[in-house]
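K.L.:
need the 3D shape of this:
(2 chains)
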Amino acid sequence: MKQQSLTKNNLALTKDQYLQLYYYMRLTREFEESILKLYRQGKIVGGAYTGNGNEATSVGSAFALEKHDYLFPMHRDMGAHLVRGQSLRNLMLQHLARGNSLSKGRDGTGHYADPTLKIYGNISHLGAMVPMACGVALASKLRKEKAVVMTYIGDGGANVGDVHESLAMASVMDLPLVLIIENNQYAYSTPVAKQIKAKRYSDRAIGYGISGYTIDGTDIDEVYSTCKQAVERARRGEGPTIIESVTMRMHGHSAHDGADYVPKDLLEAWKKKDPVMKIEKLLTDKRILTPTLKAEYEQKIMATLDDAIQYAVESPYPRPEEAIVGVYAA
Amino acid sequence: MAILTYIEAISKGLWEEMERDSSVFLLGEDIGKFGGAFKVTRGFIEHFGEDRVIDTVLAETAILGAATGAAVVGMRPVAEMQFADFVTTGFSQLVNNTASIHYRWHLPCPMVVRLPSGAGIHGGPFHSRNPEAWFFHQPGFKIVAPSFPYDAKGLIKAAIRDNNPVLYFEHKRLYRHVKGEVPDTDYIVEIGKGIIRREGTDISVITYGATVHQAIEAAEQLAKEGISIEVVDLLSLMPLDIELILTSVRKTGKVLIAHEDNITGGIGGEIAAIISEQAFEFLDAPIKRVGALDIPTPYSPPLEEFFLPNTKKLVAALKELAAY
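P.N.:
Next comes the predicted model:
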């Protein structure tokens, strides 16, 4: 199947939309930097994950959704949570294991569900959310909601059986699903050449009889327009799309992974394609982002972050005996 | 009041719930036009349509994960595993995801998984399993195992109305061999409640599923020899009706736990521990267990017969207990 060329109808972003995207990407970057800091201070326990280098993908993709669409993000898609309207306070509470977090401390990081924003967070088993996303897409189809489900998987996770079974189901049933394969070159310490023989993950779409695209995951325009087209294709009932978004995992697998296995020159090359730097340059060149506006955004971001951190740190841990409550629904 | 077979009762219960609640739908392999491998859903797609009786791809992880997703956003899916043995190909979805959704997300996950289970039909190692113990061990499920048509209908209705993931183990050897009275009315059998199938005073047999019938046969035989056996049919495995079990133990003082699942790691061990912890002073003998031998299920009939519990083995164990 030839890679379809993209048209620009209705996909051109307005000035306002560009600024929103910039804001969310900067917010994502700063939020994750603060997560790392809190982890090193011992205020976040267990582990800390970032999607540094993935901001255009996580933000641009979620930006293509409508309010009634569903989001099933992965662990490097904090940007998607933010685009959907999740508050920094709630994300901080999750990371800091507080009793008033959305999961009530039952799980951390992005592992929560917020039905008001139609965000259904991942579990640690990679690939496990894709069948669930299919089920939600099926419900959308059966109830004629015209809602689309967007979910994600990595270059390693894409090999898990759950993903293949899901694509088999979604394709044959024309489920309104968009799967973003975030190819960031590494699955923990395993380079992508050890995960896949084919040149592109999107080639797998051919096997399922669906549309597939490989895009530059650091380019906000390409991410947004490809995702928007896939979302609308799904909404029209024409079935699922695979979008392979190519980026680099700029940090280690998690906060305690120094990632010495990544060649230094590879990292250096990708630093030049930093998506946050790229959108800043794009908007500056388009004269959309002025130094004043930039400073304003930075202030707003820092203020929101400081508020969220303070709020979370001052929030109580769950009471121990709460542990046994809520295994079952009433 | 009709006399229905066990399988007819399951179909009836499913049908009634689908009529009653439009959010209930079925998904599984070959359940639509084909009516299901065992014909539980014969006639359903013609009446309810293909949006409510969905023939899926052959992919248990996708089926069980999709059911989980649809349930979380407010539908009531009933997923069929063609044989209980195949549930393991979707095991991760169930134990890592489905079971703990309410605990982690505080959202109900009202799905049912129907599992045709059990041996004695020459199914060999992969069409004969009783896999309930694996799920018994994972907090978050409800598990039921009807033995008679009355509770087969009542429990499938209760399972569908429950807001938690319910695993419904339907023993396939009972499908067309067990008949019983099934009221036409809209009744449910409460999950978590067992029933005394036969009252007795000397020994309590704690059992479920197909083994209930063997326990009743054993009780009838031993009655002729003056040994009075009480048969406790658990009906629900999670939650267990512990009060029913302990009441019987306090009455008789002797216990045989019997199930078709393998002895080691079977639910019987847990029941024995509970009885020992909570009713030790009432015991007049060590707790005995009868189950399938700790080997993979063999295919050749003489091997399978040696492997499985049966009325003869129950009678022998009960006689030993009576003599203790």
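K.L.:
wait, isn't residue A:132 in contact with residue A:120?
P.N.:
Yes - Residue A:132 lies in contact with residue A:120 (Cβ atoms under 8 Å); the separation is 7.0 Å. All C-beta spots, glycine's among them, are computed from the backbone N, C-alpha and C.
K.L.:
and those two? which has more neighbours close in?
P.N.:
residue A:132 (32 against 25; other Cβ atoms under 10 Å in any protein chain shown).
K.L.:
am I right that residue A:151 falls within a strand?
P.N.:
Yes - remark: residue A:151 belongs to a strand, assigned using DSSP: H, G, I helix; E, B strand; the rest coil.
K.L.:
number of residues surrounding it?
P.N.:
For residue A:151, the count of nearby residues is 27 (other Cβ under 10 Å).
K.L.:
next: residue A:243.
P.N.:
Around residue A:243 there are 28 residues (other Cβ under 10 Å).
K.L.:
now do the longest helix belonging to chain A: which elements does it pack against?
P.N.:
In chain A, with assignment by DSSP state H, the single longest helix is helix A:15-40. Identification of packing neighbours for helix A:15-40 by 3 or more Cβ pairs under 8 Å, 6 or more residues apart in numbering or on different chains; DSSP states H and E yields helix A:55-63, helix A:78-83, helix A:88-95, helix A:220-235, helix A:275-285, helix A:291-314.
K.L.:
possible to save the ones you listed as TSV with mean pLDDT, distance to chain B and mean neighbour count?
P.N.:
Output for the helices and strands packed on helix A:15-40, formatted as TSV (pLDDT from 0 to 100; distance: least, Cβ to the nearest Cβ, whole Å; neighbours: other Cβ atoms under 10 Å in any protein chain shown):
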stretch	mean pLDDT	distance to chain B	mean neighbour count
helix A:55-63	98	18	30
helix A:78-83	98	15	27
helix A:88-95	98	11	23
helix A:220-235	98	15	23
helix A:275-285	98	30	17
helix A:291-314	98	19	14
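K.L.:
would you format the ones you listed as JSON lines with distance to residue B:212 included?
P.N.:
Converted to JSON lines, the helices and strands packed on helix A:15-40 look like this (distance: least, Cβ to Cβ, whole Å):
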{"stretch": "helix A:55-63", "distance to residue B:212": "53"}
{"stretch": "helix A:78-83", "distance to residue B:212": "50"}
{"stretch": "helix A:88-95", "distance to residue B:212": "47"}
{"stretch": "helix A:220-235", "distance to residue B:212": "49"}
{"stretch": "helix A:275-285", "distance to residue B:212": "63"}
{"stretch": "helix A:291-314", "distance to residue B:212": "54"}
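K.L.:
please enumerate the strands of chain B.
P.N.:
B:2-5, B:24-28, B:53-55, B:76-80, B:112-117, B:142-144, B:166-171, B:179-182, B:195-198, B:203-207, B:229-233, B:236-238, B:255-262, B:288-292 (DSSP state E).
K.L.:
pick the most buried one from the ones you listed.
P.N.:
Most buried of these, by mean neighbour count (mean count of other Cβ atoms under 10 Å in any protein chain shown): strand B:203-207, with a mean of 30.
K.L.:
and that one, average pLDDT?
P.N.:
Averaging pLDDT along strand B:203-207 gives 98.
K.L.:
just the CA atoms of the lengthiest helix in chain B, as PDB, please.
P.N.:
As assigned by DSSP H, the longest helix anywhere in chain B is helix B:6-20. Only the C-alpha atoms of helix B:6-20 are listed here, as PDB (Å, rounded to 0.1, in the frame of the first residue of the first chain):
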ATOM      1  CA  TYR B   6     -28.600 -27.400  32.400                       C
ATOM      2  CA  ILE B   7     -27.700 -26.000  29.000                       C
ATOM      3  CA  GLU B   8     -31.200 -24.900  28.300                       C
ATOM      4  CA  ALA B   9     -31.300 -23.100  31.600                       C
ATOM      5  CA  ILE B  10     -28.100 -21.200  30.800                       C
ATOM      6  CA  SER B  11     -29.500 -20.100  27.400                       C
ATOM      7  CA  LYS B  12     -32.800 -19.100  29.000                       C
ATOM      8  CA  GLY B  13     -31.000 -16.900  31.600                       C
ATOM      9  CA  LEU B  14     -28.900 -15.300  28.900                       C
ATOM     10  CA  TRP B  15     -31.900 -14.600  26.700                       C
ATOM     11  CA  GLU B  16     -33.900 -13.100  29.500                       C
ATOM     12  CA  GLU B  17     -31.100 -10.800  30.500                       C
ATOM     13  CA  MET B  18     -30.600  -9.700  26.900                       C
ATOM     14  CA  GLU B  19     -34.300  -8.900  26.600                       C
ATOM     15  CA  ARG B  20     -34.300  -7.100  29.900                       C
END
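K.L.:
hmm, who's touching it?
P.N.:
By Cβ atoms under 8 Å, 6 or more residues apart in numbering or on different chains, the surrounding residues in contact with helix B:6-20 are B:4, B:24-26, B:38-42, B:44, B:47-48, B:52, B:78, B:114, B:146, B:148-150, B:152-157, B:160-161, B:170-171, B:174-180, B:182, B:186.
K.L.:
kindly report the same for stretch A:12-22.
P.N.:
Residues contacting stretch A:12-22 (Cβ under 8 Å, 6+ apart): A:59-60, A:63, A:220-221, A:224, A:279-280, A:282-283, A:286, A:288-289, A:293, A:297.
K.L.:
count the neighbours of the residue in the stretch 201-324 of chain B that chain A sits nearest to for me.
P.N.:
Proximity to chain A, evaluated over the stretch 201-324 of chain B using Cβ to the nearest Cβ, is greatest for residue B:239 at 9.0 Å. Residues within reach of residue B:239, counting by other Cβ under 10 Å, total 12.
K.L.:
what's it in contact with, if anything?
P.N.:
Taking Cβ under 8 Å, 6+ apart, one finds B:142, B:191, B:192 in contact with residue B:239.
K.L.:
and the pLDDT for residue A:12?
P.N.:
Residue A:12 is assigned 88 on the pLDDT scale.
K.L.:
which SSE is it in?
P.N.:
Residue A:12 belongs to no helix or strand when assigned by DSSP states H and E.
K.L.:
contact partners for the closest residue to chain B within the stretch 151-300 of chain A?
P.N.:
The stretch 151-300 of chain A approaches chain B most closely through residue A:165 (3.6 Å), counting by Cβ to the nearest Cβ. Taking Cβ under 8 Å, 6+ apart, we find residue A:165 in contact with A:131, B:57, B:59, B:60, B:61, B:62.
K.L.:
and the residue nearest to the third one when sequence neighbours are not counted, what element?
P.N.:
Translated: residue B:59. Nearest non-adjacent residue to residue B:59, counting by Cβ to Cβ, 6 or more residues apart in numbering or on different chains: residue A:165, 3.6 Å away. With secondary structure defined by DSSP H and E, residue A:165 is part of helix A:161-172.
K.L.:
list of residues touching the next helix or strand after that helix?
P.N.:
Per DSSP H and E, the first helix or strand lying C-terminal to helix A:161-172 is strand A:177-183. Outside of strand A:177-183, the residues within contact range by Cβ under 8 Å, 6+ apart are A:54, A:57, A:61, A:74, A:76-77, A:130, A:133-134, A:137, A:148-155, A:158, A:163, A:166-167, A:170, A:192, A:201-202, A:217, A:227, A:230-231, A:234, A:240-247.
K.L.:
repeat for stretch B:279-290
P.N.:
Contacts to stretch B:279-290, defined as Cβ under 8 Å, 6+ apart, come from residues B:246, B:249-250, B:253-258, B:263, B:266, B:268-269, B:272, B:275-276, B:309, B:313-314, B:317, B:320-321, B:324.
K.L.:
how many residues are close by the residue lying closest to residue B:270 once chain neighbours are set aside?
P.N.:
In this structure, residue B:270 finds its nearest non-sequential neighbour in residue B:136, 7.2 Å apart by Cβ to Cβ, 6+ apart. Close neighbours of residue B:136, defined as other Cβ under 10 Å, add up to 19.
K.L.:
contacts only, for the nearest residue to residue A:28 once chain neighbours are set aside.
P.N.:
Spatial nearest neighbour of residue A:28, excluding adjacent residues (Cβ to Cβ, 6+ apart): residue A:79 at 3.8 Å. The contact partners of residue A:79, by Cβ under 8 Å, 6+ apart, come to A:24, A:25, A:27, A:28, A:51, A:54, A:55, A:57, A:58, A:59, A:62.
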